[in-house]
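[1] for reference, the sequence and a predicted model appear below.
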Amino acid sequence: MIEIKHLYKSFEDKDVLIDINAVFEDGKTNLIIGQSGSGKTVLMKNIVGLFVPTSGQILYDGRDFIGMTKREQVLIRREMGMIFQSAALFDSMSVLENVMFPLEMFSDDCQADRIRRAKFCLERVNLKGAENKLPGEISGGMQKRVAIARAIALNPKYLFCDEPNSGLDPKTSLVIDELIHDITQEYKMTTIINTHDMNSVMGIGENILYIYKGQKEWQGSKDQIMTSTNERLNSFIFASDLFRKVKEANQ
Amino acid sequence: MLLQQFFAAFGRYLQLMGKVFSIPERWRMFFRQYIKEMAQLGVDSIGIVLLISFFIGAVICIQIKLNIQSAWMPAFVTGYTTREIMLLEFSSSIMCLILSGKVGSNIASEIGTMRVTQQIDALEIMGVNSASFLILPKVLGLITMIPFLVVFSIAFGLIGAYATTYMGVITVEDLTSGLLYDFNQWYVWMSIIKSLCFAFIISSVSSFYGYTVEGGSFDVGKASTNAVVRSSMLILFADIFLTQLLS
């Protein structure tokens, strides 16, 4: 479980995050949604430690991440997996080497076991047969799946996904969403997804945090969104005709 | 303002070097990277070093023969001067200036691209000390390979000088007597010591500019240019001090 308490983040004199409080539970796909520039990515970067918050607390199963020493933070980071918007695969390494990288760095298993584990992760994301390809030789959807395989290689307790569907077609987006959702439940991970893809929200949003201009505006499930009276949330979620009609049909 | 910017950048450089020089998390991974960097930065540079050294050695020999050699000069002057130029300046300083263009831009653009495509963030999230993992093998790899490049450069410069004997510029005997005249072995060591310092400058300064890139591909290009310009300037400054110190 990840808890955020009174989190503030400012860049010089600009307040980007203002008093964010949230709880992200185990085994659930937690979504952070909001318009571009609302502070979603900054919030995620604060949670994973790429930015240092101005004030506030981030608790990983009760362990205060901000108050830790660098060494302790590194140990927590080894319990994290992250899927970046751009997949962030290592260009010079093959698909298999990318997935093996965290195992090579931190696992004490023998080489044969590491290869076996990496191949298992690739099979889990339906990428059997692509082991020897370079990231540049595979499609965007496949790159995202390699990133997922790399992120789960060390059985992380926490999975972070920064706009995992960005640049993907709707069908591939669904595949990625379902994969993340299934893996979350399978490994009982705490998963946080940064997205503004409404299909993801309606498909896998078990706990949704809506950020508006750096502040927490609303939190609830995908079912609660349908009945929410929050105007800002509704104007964001139901901006498209399609989702407006879905809501009207539901009502 | 300019001075303030310089000290701010220098402070960030020292902080980065503090992160770089730490014990590798996995020696196996470190050695793998180290060998890869020796091949990429050192072995891949042998061709250009040999080519340039050969032709510069030949040209120096021709120029000295045409402009300095006369009836009043001893026959060994051309060989002697060619050797001293190659040993004292070309094979260490000028060769490192050339390498700062090839190797420096390679390092800055590689690390810079990793930064803007979030590959460095990915390493950090995994709990890897990205600065040490990426930069330390490059610095040590280039420092390991540079003495070989210097020796190859000296050797091929002298071979280039010998090649001019086929053109009838100078006789083999005159050139050989000049190359052997008053040889000071310390100059070879001096050249190697200087190049070790220059290798550190090239690899660390270029890595710094690559690692601290912010933005996109345009900024990677800018960082790459800055890396070459700054490391070349630092090599020239360091050359003055090292020459004075070691002579």
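    Looks like it arrived, so ask away. Numbering: from 1, shown residues only, chains lettered A, B, ... in the order given.
[2] hey, let's count contacts and neighbours off CA atoms from now on
    Will do.
[3] tell me which parts of the stretch 51-200 of chain A are close to chain B?
    Within reach of chain B by C-alpha under 8 Å from any C-alpha of the partner chain, the stretch 51-200 of chain A has these residues: A:74-78, A:80-82, A:84, A:86, A:88-90, A:102, A:104-106.
[4] need the buried ones from those residues selected in PyMOL.
    Of these, the buried ones can be selected in PyMOL as follows, counting by 16 or more other C-alpha atoms under 10 Å in any protein chain shown:
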select buried, chain A and resi 74+76+77+78+80+81+82+84+86+88+89+90+102+104+105
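[5] tell me the pLDDT at A:Thr29?
    On pLDDT, A:Thr29 comes in at 88.
[6] remind me, longest helix of chain B?
    Taking DSSP state H as the criterion, chain B has its longest helix at helix B:130-166.
[7] now it: average pLDDT?
    For helix B:130-166, the per-residue pLDDT averages 95.
[8] point out the other helices and strands that it packs with.
    Packing partners of helix B:130-166 (3 or more C-alpha pairs under 8 Å, 6 or more residues apart in numbering or on different chains; DSSP states H and E): helix B:2-20, helix B:27-37, helix B:46-67, helix B:77-85, helix B:119-125, helix B:172-180, helix B:186-211.
[9] distance between that helix and the chain's centre?
    7 Å (C-alpha atoms, centre = their mean, to the nearest Å).
[10] what's the answer for stretch A:26-41, then?
    Worked out by C-alpha atoms, centre = their mean, stretch A:26-41 lies 8 Å from the chain centre.
[11] name the residues of that stretch that come out as buried.
    Within stretch A:26-41, the residues scored as buried using 16+ other C-alpha under 10 Å are A:26-34, A:38-41.
[12] restricted to helices, list those.
    Filtering these for helices - DSSP H - leaves A:Lys40, A:Thr41.
[13] return the closest of the buried residues of stretch A:26-41 with respect to B:Val213.
    Taking C-alpha to C-alpha as the measure, B:Val213 sits nearest to A:Thr41 out of those, at 19.0 Å.
[14] residues contacting that closest one?
    Residues near A:Thr41 by C-alpha atoms under 8 Å, 6 or more residues apart in numbering or on different chains: A:Asp162, A:Asn194.
[15] try A:Ile176
    A:Gly141, A:Lys144, A:Arg145, A:Pro164, A:Asn165.
[16] chain center to the helix or strand that the second one is a member of: distance?
    So that's A:Lys144. Element membership for A:Lys144, per DSSP states H and E: helix A:140-152. In this view, helix A:140-152 has its centroid 12 Å away from the chain centroid, taken as C-alpha atoms, centre = their mean.
[17] list of residues touching it?
    When contacts are defined by C-alpha under 8 Å, 6+ apart, helix A:140-152 is touched by residues A:80-84, A:87-89, A:95, A:98-102, A:118, A:121-122, A:124-125, A:127, A:135, A:159, A:164, A:167-168, A:172-173, A:176, A:180.
[18] can you give me the helices in the stretch 1-150 of chain A?
    Using DSSP state H, counting those that start in this stretch, the helices of the stretch 1-150 of chain A run over A:40-48, A:70-77, A:95-106, A:111-124, A:140-152.
[19] worst mean pLDDT among the ones you listed?
    Looking at these, the bottom one is helix A:70-77 with a mean of 86.
[20] now the angle from it to helix A:40-48?
    110 degrees (axes from the mean of the first three to the mean of the last three C-alpha atoms, to 10 degrees).
[21] which residues are contacting helix A:70-77?
    Taking C-alpha under 8 Å, 6+ apart as the rule, helix A:70-77 contacts A:Val48, A:Phe65, B:Ile125, B:Met126, B:Gly127, B:Val128.
[22] ok, so of the residues you listed, who is nearest B:Gly216?
    The closest of the contacts of helix A:70-77 to B:Gly216 turns out to be B:Ile125 (C-alpha to C-alpha; 20.7 Å).
[23] is it true that the closest one touches A:Asn46?
    No - applying C-alpha atoms under 8 Å, one finds B:Ile125 not in contact with A:Asn46, separated by 11.6 Å.
[24] more neighbours: which of these two?
    Using other C-alpha atoms under 10 Å in any protein chain shown, the more surrounded residue of B:Ile125 and A:Asn46 is B:Ile125, with 25 against 20.
[25] OK, contacts around the more buried one?
    A:Val48, A:Gly49, A:Leu50, A:Arg77, A:Arg78, A:Met80, A:Gly81, A:Met82.
[26] same deal with A:Leu89?
    Taking C-alpha under 8 Å, 6+ apart, we find A:Leu89 in contact with A:Asn98, A:Pro135, A:Gln143, A:Val146, A:Ala147, B:Gln119.
[27] cool, and A:Ile58?
    A:Ile2, A:Glu3, A:Ile4, A:Lys5, A:Leu7, A:Ile47, A:Asp64, A:Phe65, A:Ile66.
[28] so which of these wins on neighbours?
    Going by other C-alpha under 10 Å, A:Ile47 tops those with 24 neighbours.
[29] check the most centrally placed residue in chain B and give its pLDDT.
    Centroid-nearest residue in chain B: B:Cys96, 2.8 Å away (criterion: C-alpha atoms, centre = their mean). For B:Cys96, the model assigns a pLDDT of 95.
[30] quick one: distance of the helix or strand harbouring it to the chain centre.
    Following DSSP H and E, one finds B:Cys96 within helix B:95-99. With C-alpha atoms, centre = their mean as the basis, helix B:95-99 stands 4 Å off its chain's centre.
[31] how close does the residue nearest to A:Cys121 when sequence neighbours are not counted sit to chain B?
    Nearest residue to A:Cys121 in three dimensions, chain neighbours excluded: A:Ala149, at 5.1 Å (C-alpha to C-alpha, 6 or more residues apart in numbering or on different chains). Counting by C-alpha to the nearest C-alpha, to the nearest Å, the gap from A:Ala149 to chain B is 14 Å.
[32] what is the burial count for A:Ala149?
    28.
[33] just to revisit the earlier point, can you list contacts of the helix holding B:Cys96?
    By C-alpha under 8 Å, 6+ apart, the residues outside helix B:95-99 that reach it are B:Ser45, B:Val49, B:Val150, B:Ser153, B:Ser195, B:Phe198, B:Ala199, B:Ser232, B:Ile235.
[34] reformat those as TSV; add neighbour count.
    Listed next are the contacts of helix B:95-99 as TSV, based on neighbours: other C-alpha atoms under 10 Å in any protein chain shown:
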residue	neighbour count
B:Ser45	18
B:Val49	23
B:Val150	29
B:Ser153	28
B:Ser195	25
B:Phe198	29
B:Ala199	31
B:Ser232	25
B:Ile235	25
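[35] put together JSON lines for those residues, with distance to A:Ile225 on each row.
    Output for the contacts of helix B:95-99, formatted as JSON lines (distance: C-alpha to C-alpha, whole Å):
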{"residue": "B:Ser45", "distance to A:Ile225": "61"}
{"residue": "B:Val49", "distance to A:Ile225": "66"}
{"residue": "B:Val150", "distance to A:Ile225": "69"}
{"residue": "B:Ser153", "distance to A:Ile225": "71"}
{"residue": "B:Ser195", "distance to A:Ile225": "66"}
{"residue": "B:Phe198", "distance to A:Ile225": "62"}
{"residue": "B:Ala199", "distance to A:Ile225": "60"}
{"residue": "B:Ser232", "distance to A:Ile225": "60"}
{"residue": "B:Ile235", "distance to A:Ile225": "63"}
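[36] lowest confidence element among the helices and strands of chain A?
    helix A:241-250 (a mean of 68; mean pLDDT, DSSP states H and E).
[37] what kind of secondary structure is the residue nearest to the spatial centre of chain A in?
    When C-alpha atoms, centre = their mean is applied to chain A, the residue found nearest the centroid is A:Cys161 (2.1 Å). Look at A:Cys161: counting by DSSP: H, G, I helix; E, B strand; the rest coil, its state is strand.
[38] was I right about it contacting A:Met80?
    No - with contact defined as C-alpha under 8 Å, A:Cys161 does not reach A:Met80; the gap is 10.8 Å.
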